[in-house]
Structure formats: C-alpha cells, structure tokens
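> Structure here, sequence nowhere to be found:
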C-alpha cells in the first residue's frame, strides 16, 4: 500500500549557514491493512517523516509510492486526489481544530472541500455517521473545541481524518497529549477502526510500549536514520540495536518487585545536535559498547534475522561469527541493559 525509498529531508540551518538533515535515507513499506510503528526520541525525525508522507512537506530526495503510484512530486488536482487517500491525525487535538467552528461544521467543511456527497443533507448525515463511528454523540456536533475534553477532541480529529474514506492514516503521537486514563480508550478505538475499515496505519510515538500495542512492524529512528526495523515482537522482546535496547529498558514493568530487581543503567549524554551529527554510527557517542569502528563507518541497515533489520557493526559482526544455520540470539550484544533519558 505504501512504500518509501531513500527518503531525505533537508532544512536550511538557522542563520542560513549550512543545512540540517532531519530525515536521512529512510526506507520502509507497508502492506494493506497493516500498521508500522515509528518510535524514537524527540527530534529524531518521526514527525518530519509523517509530514512528508502526507505531502505537507516536500522531500529533498527519495520516493514515496502509494498503491503503485509515485506521489513524491504530484501537484494540483492529482495531489488533491492523493490527499483523500492519505490523512494525518495530529498530536495536539486542540491546536489542530479551528476554534471558531463547531464540531459539526469542522467535519462538514472537510466533506465540502473534497466534494464528498451531493448535498448538505447527505453531508450532514455523513457527519452523524462519523461521530457515531468514533464513539461520540450527535449532540456534540454543536459544541466548540474548547467545550470538549481532550479525548473527545482527539476523537473529532480521527473522525475528520476518516471523513474522506482514506486508505492510509498517519498518526503523529495521537495519544501523547491525552490523560493516561483516556489513552487506552483511544488506542482501542484506533485498533477497532483499522480492523473494521481495513485501514493502513503509520503510528508514530516516543513510547515503545504504546507502539507495540498497535503495530505489526516497528521502525526505530535515531537522529534521522532508521537503526532497526522488524516484527513488533522481535523488536520489543529481542531488540538488536543498543538504542532499541535502551528504549525497551525504559519501559516500566508492572510488577514492582521485578521492576526493582532490574539492572538498568542510563544512557550517557544528550542527543547530539542534528545540524552537526557525529560521524559513523550516530548513536556511538552514547553507546555503552561502542568500538573505534563505530565512530568511523556508517553501519548499513541490513537483515540480521528473517525480516529483522538493524544498523549496527557489532550485531553484524556477531552474526557472521555464528555457526551456519544458527539463529542470532537475543544476547548477541554484551554489556548491561541501558535505558533512555526520560
């Protein structure tokens, strides 16, 4: 359904001197009806990737293909057609809704702009269906965004994205602005809608546990590059890259005794400046097991297990050293488990 090949996005640096590469050679694909979770710390390029997919940003290079059609540089009427196929759910449901429009008018506006339905009566009927679809009462159609809770506003944002019957939803941190008690309800709603409507999701979050809940495959980003991609269970339960292991270690364990018994050490230092990324592996200044080679050569994102890719010199070296036919164990990387700064 969606394919991304060698996607790059550069921005002009502050003051006009040099450029910042926010997304660097990112490639992935999604089958119809599946969910790809993209996870990483703030500033890693997740949201920029989301905006590139829905064409709110123009790619510096690379290719985006939707259902066999190259949409990277479409414009005019052809781009408007694509916008009906790929929709974005924003992180902040309050900032993404027009405060001067009621909920009903906000949904009606989408239907009018995209010419969905043949008249006002048919479109208002569609508004009622959309509200019911996301678990909201029709009585809320006359309310303004400030008169609703955060969870209700995000449901409106989801309804707005679904108004034009898209094939792909790009969800940019859709629950991070919500109370913890509401997150599970919205996540369950997204899972139900995906299954009922046959939607394809790109789900973006900084929370590996949240991504695991909804994804078929997980892609881990660090400073604009993908460092690991694979099935959700393999990435979350047996991660290969040291950074993914850090993210996994940062996920709290429900059992207080097990949580207290975990040997966890914190990743040293802050995320480097994206305007001046370190040479070689971008994670090596913070990696507890880095070797000299890691600061000199950029590791390729290669398949280490079936369908499980990682960009790490040490993982690749250990894999080559295994007995032919043997599978790569989850203990390939030595050293203590690490946790990301919170």
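Looks like it came in fine. Everything quoted here is computed from the prediction, not taken from an experiment.
> got the contact list for stretch 90-110?
47, 116, 120, 123-124, 126-127, 130-131, 136, 140-146, 148, 150, 153-154, 156-157, 159-160, 163-164, 172-174, 176-177 (C-beta atoms under 8 Å, 6 or more residues apart in numbering). C-beta coordinates here come from the backbone N, C-alpha and C atoms, glycine included.
> Kindly apply the preceding question to stretch 136-150 instead.
The list of residues contacting stretch 136-150 from outside it, by C-beta under 8 Å, 6+ apart, reads 93-94, 97-104, 107, 127-128, 131-132, 152-153, 155-156, 159, 177-179, 182.
> Separate out the buried members of the residues you listed.
Those of these that meet the buried threshold are 93, 97, 102-104, 107, 127, 131, 152-153, 155-156, 159, 177-178, 182, by 16 or more other C-beta atoms under 10 Å.
> quick one: which of the contacts of stretch 136-150 sit in helices?
When those are checked against helices using DSSP state H, the ones located there are 103-104, 107, 127-128, 131-132, 152-153, 155-156, 159, 182.
> can I get the residues you listed in a markdown table with pLDDT and distance to residue 19?
Listed next are those as a markdown table, based on pLDDT from 0 to 100; distance: C-beta to C-beta, whole Å:
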| residue | pLDDT | distance to residue 19 |
| --- | --- | --- |
| 103 | 93 | 41 |
| 104 | 93 | 44 |
| 107 | 93 | 39 |
| 127 | 92 | 44 |
| 128 | 93 | 48 |
| 131 | 95 | 44 |
| 132 | 94 | 47 |
| 152 | 93 | 41 |
| 153 | 92 | 36 |
| 155 | 94 | 39 |
| 156 | 94 | 37 |
| 159 | 94 | 38 |
| 182 | 89 | 39 |
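> Need those in a markdown table (columns: distance to residue 3).
Conversion of the ones in helices among the contacts of stretch 136-150 to a markdown table gives the following (distance: C-beta to C-beta, whole Å):
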| residue | distance to residue 3 |
| --- | --- |
| 103 | 35 |
| 104 | 37 |
| 107 | 31 |
| 127 | 34 |
| 128 | 36 |
| 131 | 34 |
| 132 | 34 |
| 152 | 35 |
| 153 | 33 |
| 155 | 30 |
| 156 | 31 |
| 159 | 28 |
| 182 | 34 |
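> Enumerate the positions of stretch 211-224 that are buried.
Buried-residue list, stretch 211-224, by 16+ other C-beta under 10 Å: 211-215, 217-224.
> Quick one: distance of that stretch to the chain centre.
6 Å (C-alpha atoms, centre = their mean, to the nearest Å).
> what about it, start to end distance?
The stretch stretch 211-224 measures 18 Å between its terminal residues, going by C-alpha to C-alpha, to the nearest Å.
> can you offset everything so residue one is 44?
Understood, numbering begins at 44; the last thing we discussed is stretch 254-267.
> Buried by neighbour count, from the contacts of stretch 133-153: which ones?
A residue is treated as buried here by neighbour count (16+ other C-beta under 10 Å); on that basis the buried members of the contacts of stretch 133-153 are 90, 159, 166-167, 169-170, 173-174, 179, 183-184, 186, 188, 191, 193, 196-197, 199-200, 202-203, 206-207, 215-217, 220.
> Which parts of the stretch 94-243 of the chain are strands?
With DSSP state E, counting those that start in this stretch as the criterion, the stretch 94-243 of the chain has strands at 104-109, 112-113, 129-132, 211-215, 243-248.
> okay if I get those as TSV plus distance to residue 278 and mean pLDDT?
Formatted as TSV, the entries for these read as follows, by distance: least, C-beta to C-beta, whole Å; pLDDT from 0 to 100:
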stretch	distance to residue 278	mean pLDDT
strand 104-109	23	95
strand 112-113	29	92
strand 129-132	23	94
strand 211-215	18	95
strand 243-248	13	95
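> between these, which gets nearest to residue 234?
Each of those was checked against residue 234 via C-beta to C-beta, and the shortest separation belongs to strand 243-248, namely 9.4 Å.
> by contact count, what packs against the helix or strand following that closest one?
The first helix or strand that comes after strand 243-248 along the chain, using DSSP states H and E, is helix 251-257. Where contact means 3 or more C-beta pairs under 8 Å, 6 or more residues apart in numbering; DSSP states H and E, helix 251-257 is packed against strand 78-82, helix 223-240, strand 243-248, strand 260-265, helix 275-280, helix 285-292.
> ok now helix 251-257, how far from the chain's centre?
From the chain centre to the centre of helix 251-257 is a distance of 11 Å (C-alpha atoms, centre = their mean).
> List of residues touching that helix?
Taking C-beta under 8 Å, 6+ apart as the criterion, the residues outside helix 251-257 that touch it are 78, 80-82, 218, 226, 230, 233-234, 237, 244, 246, 248, 261, 275, 279, 287, 290-291, 293-294.
> per-domain residue ranges of this structure.
As recorded under automatic domain parsing, the domains making up the chain are 45-258, 282-382.
> my guess is residue 90 meets residue 248, correct?
No - Residue 90 is beyond contact range of residue 248, at 10.7 Å (criterion: C-beta atoms under 8 Å).
> Residue 239: how many residues sit nearby?
Residue 239 sits with 9 neighbouring residues when counted by other C-beta atoms under 10 Å.
> Am I right that residue 46 is in a strand?
Yes - using DSSP: H, G, I helix; E, B strand; the rest coil, the assignment for residue 46 is a strand.
> Distance of it relative to residue 80?
17 Å (C-beta to C-beta, to the nearest Å).
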